[in-house]
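> starting from these lines, generate the structure:
(chains A and B)
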Amino acid sequence: MTSTSSTGGTDAGQAPADQVDAAPPTSNGAPGASRWREVALEIATGSAGVTVLAIVLALLFGGVLIAAADPAVQSAAGYFFARPLDLFSAVWQAVSQAYAALFSGAVYDVQAESFARGIKSLTETLTVATPLILAGLGLGIGFRSSLFNIGAQGQVVLGAVFAGYIGFAFNLPAPLHLLLAVLGGAIGGGLWASIAGVLKARTGANEVIVTIMLNNIAVYLIAYLLSLHAWQRPGSNNPQSPALHGSAMFPLLAGERYRLHAGFLLAIVACVVVWWLMERSTLGFQFRAVGANPEAARTAGISVERVTVWVMLVAGMLAGLAGAAQILGTEGGSGLTGGIAGTVGIDAITVALLGRSKPLGIFFSGLLFGALRAGGVVMQARTGTPIDLVLVVQSLIVLFIAAPPLVRAVFRLPAPGSRKAAVDVPAALTAKEVRA
Amino acid sequence: MRQTHTGDAGTDRPGDQQQETCVKNFIRVVALGGTAALALAACGSAPSATPSSSASGGNSSYKACMVSDAGGFDDKSFNQSGYEGLQKAGTDLGIQVKTVESKQESDYTPNVESMISEKCDLIIGVGFLLEPAIHKAAQANPDVKFALVDSSFQDADYKPVTIENAKPILFDTAQAAYLAGYLAAGVSKTGTIGTFGGMQIPSVTIFMDGLADGVAKYNEDNGKSVKVLGWDKAAQTGSFTGTFDDQSTGQTQGKALLDQGADIVMPVAGPVGLGTVAAIKSANNGSMLIGVDSDWAVSNPDSASITLTSVIKEIGQAVYDTVKVSSEGSFSSDPYVGTLKNGGVGLAPFHDLASSVPSDLSTKVDSLKKDIIDGKITVTSPSTPK
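Numbers count the residues shown, from 1 in each chain, chains lettered A, B, ... in the order given. Coordinates of the predicted model:
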């Protein structure tokens, strides 16, 4: 996604009117003003620039939806011609308040009476991001090894089951208990994913189908386990395990007031480890080689089957850690329930794709998702924006970030490296549409 | 627009520009049309006074709030009943109400927290899954009042515990289901009653326990042997769909029970039961349905022609009463338990199918109801609220 500076040369005949006058003929010897334009374009068309523009675009679209769903706006629109200003002020009110609430929930609550209460939002964002980052890292490894692993959901569930069982059934001293529970989570997720890995390696079974089915099995497995008395709270028939022992819990990072726990540190460490694994280790090299071209990798003496199993094992372990982070940290030890995994495994797919499957990218896209989740809660509570709309705004942001060409088309930016192509494509498309 | 297209679009620049203009014009026309349509809808007259922005608010500063479980407030089941009770309280009592929906279990704690930030006076959680979230919040915020639908509070040893500022709202649904079971056993022609649940959780199985006991009582009184399919009270095992939202599973389960000879079916699975309505209607052999939670003959008019009766759980009323009492300053942490006696649970009228209920049977059901209210008969279930 890096833009090369040596390919100037906008075709003035095709550029939109507002670009024509400033278009430099070539990059060498361009006048000062044009050079700034070059730089600005480069920033805008670069990966980070497109991401920022995508967020802006999504917020604009989301604003339209928020305004449309707002009762005050709807009633003001009914008498638009009698008093048009009412509509604009109602729209401004609805949208600005909704986004202020989103910010308040995600970063810092400006309405809070104390700093300690206000900064809670940021800790929530980090807390919610933790499992998304961990599971996203696992999926990212798979995607880079051309294994489309959809099974993070099931692997998160199994991680939570193993970690949770160790957490409530055993009685061990503090650091050992936590270590064992975290390890159990990784093993649980790893084993579950390896089923798909082994089936793929041995029989060529499609990993997409197998992992989706394993997700379903995991959901019913946890429901079955929680119907057993050994897994329920004594004296209760509810499908909810006993509370976890304090010794198995991740220590809180910022005190009792906040949910932020050491699982977040684990996620950071996991980012570094995955980076090292993929970029510096022999195993990671084999992963990438298989991802780039399995036939070539096989010819080079790499066992594709072995790599497949390894990739799934590592991916599953990371997803299992996400499950462990949920049950040993975020949920505060209240025990295992059927919905412990939430939609972590599904959201993590988006997080991984959004982060371009690279550890740093996944870290930041996980944070973005966490911020949207945490902010959405306050947005719903404070402004009454329906939660479905909150999810739509979140999805819009992802949609725009995931489709850089769309963003470039909207802002009329040339594609990095080839501006001519960027202008050509919409023109060709338009022509096609008109002809049809 | 075809005439503007001259030559190959890929190379012919003037043609492209012409097309572009044409497209722009087209967009303008569409936009104009849209604006005109909007304008027609925007010709209303402005309200004379500045509209008050407190649509949900009233004259009181009391703020009652509610957090749904993952089912959402549109679940046609207990979240919705609770929501309606709260909205009614807001309108009738002129207090402020605020609601947040949870989409998944990890939303519970943040949602309850957000309601505390919104300075709610009373926060009601719907569903036993919110117990940990409400429990912790109640202990951390002694100034705020809490209520929890369908669960009591437990301490670390899982003994029921009283929290000063938190009220459990519970329902002894088995009492009403007992009457439904007795009634169904008397009405059934095949001598087989079917039931299934959404998930094996106490708030569901308590319906099935009551039904089974009612049928057993009928058999004992009349020397009959009416069977119950789909639930074994002694073993506490039976049929479950595993979901509260996939109606097709309700259809499959309903059809399976009909095929095994049941002619009255009680689906205890919220909206999934609507699938059973479809199954019974397509069987079209005089089979009937027992609704749950609300009076289905009223809430689902589609099913009125086959609904014998419904086992009603007045969550809305319980929520309303709790809000009312709390807003008047007399909150108490004593659990509310809905029974036949206080009207928190009940049996719906027979509506369209009243003719299929013999009068002596209906009299007998009434006397049983009286006996339960007077305590002469005790309906027990492992899931009875303690």
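> residues near the closest residue in space to A:A315 that isn't next to it in sequence, how many?
The shortest distance from A:A315 to any non-neighbouring residue, by CB to CB, 6 or more residues apart in numbering or on different chains, is to A:G138 (3.8 Å). C-beta coordinates here come from the backbone N, C-alpha and C atoms, glycine included. By other CB atoms under 10 Å in any protein chain shown, the residues close to A:G138 number 34.
> tell me the contacts of A:G138?
If you count contacts by CB atoms under 8 Å, 6 or more residues apart in numbering or on different chains, A:G138 has them with A:149, A:152, A:155, A:189, A:193, A:314-319, A:322, A:348.
> just the element for it, please.
helix A:120-144 (DSSP states H and E).
> tell me the helix or strand right after that helix.
Per DSSP H and E, the first helix or strand lying C-terminal to helix A:120-144 is helix A:152-169.
> quick one, that following helix and helix A:120-144 angle?
Put simply, helix A:152-169 runs at 120 degrees to helix A:120-144, going by axes from the mean of the first three to the mean of the last three CA atoms, to 10 degrees.
> hmm, helix A:152-169 touching chain B?
No. Shown here: helix A:152-169 not in contact with chain B (CB under 8 Å from any CB of the partner chain), separated by at least 11.1 Å.
> so where's chain A uncertain?
Scanning chain A for pLDDT under 70 picks out A:1-33, A:41-46, A:416-436.
> which residues touch residue 226?
Using chain A. A:Q232, A:P239, A:Q240, A:S241, A:L336, A:T337, A:G338.
> meant chain B actually
Taking CB under 8 Å, 6+ apart, we find B:V226 in contact with B:A185, B:S188, B:G191, B:T192, B:I193, B:V215, B:Y218, B:N219.
> keep only those residues that also lie close to chain A.
Counting by CB under 8 Å from any CB, no member of the contacts of B:V226 is near chain A.
> neighbours around B:G197, how many?
26.
> could you do A:G246 as well?
Neighbours around A:G246, by other CB under 10 Å: 11.
> give me phi/psi at it?
phi -60, psi -30 (degrees, to the nearest 10).
> is it true that it touches A:G333?
Yes. Between A:G246 and A:G333 a contact is recorded at 7.0 Å, counting by CB atoms under 8 Å.
> count of residues packed around B:V187?
20.
> what helix or strand is residue 193 located in?
Let's take chain A. With DSSP H and E as the criterion, A:A193 is inside helix A:174-203.
> can you look at chain B instead?
strand B:192-197.
> near chain B, which residues of the stretch 51-200 of chain A?
Residues of the stretch 51-200 of chain A lying near chain B (CB under 8 Å from any CB): A:71-72, A:75, A:77-83, A:86, A:105, A:109, A:111-112, A:117, A:124, A:128.
> which ones among the residues you listed lie within helices?
Using DSSP state H, the subset of those located in helices is A:P71, A:A72, A:S75, A:A77, A:G78, A:D86, A:G105, A:R117, A:E124, A:V128.
> distance of the first one from B:E84?
Looking back up the chat, that one is A:P71. Distance, A:P71 to B:E84, using CB to CB, to the nearest Å: 19 Å.
> quick one, which of these two is more surrounded?
Applying other CB under 10 Å to A:P71 and B:E84 shows that B:E84 carries more neighbours, namely 17 against 13.
> ok, which stretches of chain A are strands?
In chain A, no strands are defined using DSSP state E.
> centroid-nearest residue for it?
A:V351 (2.2 Å; CA atoms, centre = their mean).
> OK, contacts around the closest residue to it other than its chain neighbours?
Leaving aside its sequence neighbours, A:V351 sits nearest to A:G136 (CB to CB, 6+ apart; 3.8 Å). Listed by CB under 8 Å, 6+ apart, the contact partners of A:G136 are A:A348, A:V351, A:A352, A:G355, A:I362, A:S365, A:G366.
> any idea how far A:T125 is from the residue nearest to the last one when sequence neighbours are not counted?
Just to be clear, that refers to A:G366. Distances taken as CB to CB, 6+ apart place A:I133 nearest to A:G366, at 3.6 Å, with adjacent residues excluded. To A:T125, A:I133 is 12 Å away according to CB to CB.
> how about A:F364: what's its closest non-neighbour residue?
A:G355 (6.7 Å).
> whoops, I mixed them up, A:A116
Nearest in space to A:A116, with sequence neighbours left out and distances taken as CB to CB, 6+ apart, is A:R257 at 6.4 Å.
> give me the number of residues near that neighbour?
A:R257: 13 surrounding residues under other CB under 10 Å.
> and for A:I209?
12.
> cool, B:D221 as well?
13.
> and it, how far is that from A:R83?
Taking CB to CB, one finds B:D221 at 72 Å from A:R83.
> burial measure for residue 204, as a count.
Answering for chain A, as no chain was given. So A:G204, with other CB under 10 Å, has 10 neighbours.
> hmm, no, I was thinking of chain B.
23.
> in what helix or strand does it lie?
Secondary structure (DSSP H and E) places B:V204 in helix B:202-222.
> many thanks, have a good one.
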